[in-house]
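Engineer: Fold the stuff below for me.
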Amino acid sequence: MERARSLRASMGKTERLLWRRLRGNAAGFRFRRQYSVEAYVLDFFCYQAMLCVEVDGEHHAARSQDDRNRDAVLHARGIETMRFRTVDVIENLDGVMEVIYSKCCERAKRIPFR
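Structural biologist: Next up, the predicted model:
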């Protein structure tokens, strides 16, 4: 819990950018940031869709096995993980948001509105 609080206070530029869009709940999905599940802290989590959204910087390439293990633990709890590269969030935030929204609708069994 302490680690999650610390991470919330020190979110990176890209995470803050994505959080500004996710936190509005405009699409009917509520996200939490730096949410704890077991020993892991998820960047963003939507309970309604049981969806974890992670922003992966350059350092994640070296941690791919750790990420796979983490994703397997989350999957066993019914949580799907979506990963986006930092550059994709910065250069195509609208596209990232569309993909996240579509996945939320799919997992929550809702019809997307346009």
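Engineer: going forward, measure contacts between C-alpha atoms and count neighbours the same way
Structural biologist: OK.
Engineer: For Gly28, which residues are in contact?
Structural biologist: Contact partners of Gly28, counting by Cα atoms under 8 Å, 6 or more residues apart in numbering, are absent.
Engineer: Backbone torsions only: list them for it.
Structural biologist: Backbone dihedrals for Gly28, given as degrees, to the nearest 10, come out at phi 90, psi 10.
Engineer: how near is it to Glu54?
Structural biologist: When Cα to Cα, to the nearest Å is the yardstick, Gly28 and Glu54 sit 20 Å from each other.
Engineer: Over to Phe44?
Structural biologist: Here the criterion is Cα to Cα. By it, Phe44 lies 7 Å from Glu54.
Engineer: just Lys103 next, same as before
Structural biologist: Plainly put, Lys103 is 14 Å away from Glu54 if you go by Cα to Cα.
Engineer: Show me the shaky parts of the chain.
Structural biologist: Within the chain, the segments meeting pLDDT under 70 span 1-10, 26, 58-63, 113-114.
Engineer: Tell me who's in contact with the residue nearest to the spatial centre of it.
Structural biologist: Note on the chain: the residue nearest the mean C-alpha position is Val53, at 1.5 Å, using Cα atoms, centre = their mean. Contacts for Val53 were tallied using Cα under 8 Å, 6+ apart; they are 42-45, 81-84, 100.
Engineer: Name whatever forms a beta bridge with it.
Structural biologist: As for beta bridges, Val53 partners with Phe44, Met82 under DSSP bridges.
Engineer: Begin at 35 from now on, thanks
Structural biologist: Yep, numbering from 35; the last one is Val87 now.
Engineer: so how far is Asp122 from it?
Structural biologist: 13 Å.
Engineer: okay, and the common contacts of those two?
Structural biologist: Listed as contacting both Val87 and Asp122 by Cα under 8 Å, 6+ apart is no residue at all.
Engineer: now the helices for this structure?
Structural biologist: When secondary structure is read from DSSP state H, the chain shows helices at 36-43, 47-56, 98-110, 120-125, 127-142.
Engineer: Can you add mean neighbour count and give these back as a markdown table?
Structural biologist: Conversion of these to a markdown table gives the following (neighbours: other Cα atoms under 10 Å):
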| stretch | mean neighbour count |
| --- | --- |
| helix 36-43 | 13 |
| helix 47-56 | 16 |
| helix 98-110 | 14 |
| helix 120-125 | 15 |
| helix 127-142 | 16 |
